[in-house]
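S.K.: what shape does this take:
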Amino acid sequence: MKRNYWSIVMGMVWTVLFAGMSFYWAMGGLLGVRSLGGSIYEMSLNPEPSFIVIIWLTGVFKLFGFVLLLMVLIKWHNITITKILYYLTKIAGVALFLYGLLNFITITLSAFDVLDFDLDSYATFWRLVFWEPFWMLGGIFYFFSVRK
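M.R.: Below is the predicted model:
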């Protein structure tokens, strides 16, 4: 397995930023949360304790991606571990990219009144300009971190 160190480092930075946003929101920060829109925004205004726990757990879960990329940096002598890390990184990259792309498509369809989402124009704008491309960018970093 060959490593693309630039993609690994950028993926790690992306992951820390991504998890950091969750931790910030879990601590009660509201900067940027309106851009998510819908029920997530509504719940963040007067959060239940269970919602805060979910946000903390989301941040922790996101950090598993950092651990994955960190493990990719290690030169494993076991071919099975190397293959598993290769495929996990590729799968994570595809999943992140597709999640962002499919959200981008459905939110775009919502903007044209083809689908009905509970997103105001502010959230729709930021989801299309920032959030969904941000997911796709992370997917690109993960996917190109490794190659055979």
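S.K.: report the outermost residue of the chain with respect to its centre.
M.R.: Distance from the C-alpha centroid of the chain peaks at His77, with 30.3 Å (Cα atoms, centre = their mean).
S.K.: so it: helix, strand or coil?
M.R.: Following DSSP: H, G, I helix; E, B strand; the rest coil, we place His77 in the coil state.
S.K.: what does Leu119 give?
M.R.: Leu119 ends up coil, using three-state DSSP.
S.K.: related to what we said a few turns ago, phi first, then psi, for the residue farthest from the centre of the chain.
M.R.: The phi/psi pair for His77 (degrees, to the nearest 10) reads phi -90, psi -10.
S.K.: give me the pLDDT for it.
M.R.: Per-residue pLDDT puts His77 at 95.
S.K.: number the residues from 23 up from this point.
M.R.: OK, 23 is where the count begins now, so the last one is His99.
S.K.: quick one: it from Asn125, how far?
M.R.: 40 Å (Cβ to Cβ, to the nearest Å). From N, CA and C alone the C-beta is placed, and that goes for glycine too.
S.K.: what segments of this protein are helices?
M.R.: Applying DSSP state H to the chain gives helices spanning 27-48, 60-67, 71-95, 101-133, 143-148, 154-165.
S.K.: list the helices and strands the worst-scoring helix or strand of the chain on mean pLDDT packs on?
M.R.: Least confident helix or strand, the chain: helix 60-67 with a mean of 90, by mean pLDDT, DSSP states H and E. The helices and strands touching helix 60-67, judged by 3 or more Cβ pairs under 8 Å, 6 or more residues apart in numbering; DSSP states H and E, number zero.
S.K.: CA atoms only: put that helix into CSV for me.
M.R.: The C-alpha coordinates for helix 60-67 follow below in CSV (Å, rounded to 0.1, in the frame of the first residue of the first chain):
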residue,chain,number,x,y,z
GLY,A,60,-34.3,21.9,10.0
SER,A,61,-34.9,20.0,13.2
ILE,A,62,-31.2,20.0,14.1
TYR,A,63,-31.2,23.8,14.3
GLU,A,64,-34.5,23.8,16.3
MET,A,65,-33.2,21.2,18.8
SER,A,66,-29.9,23.1,19.3
LEU,A,67,-31.8,26.2,20.5
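S.K.: perfect, I'm done here.
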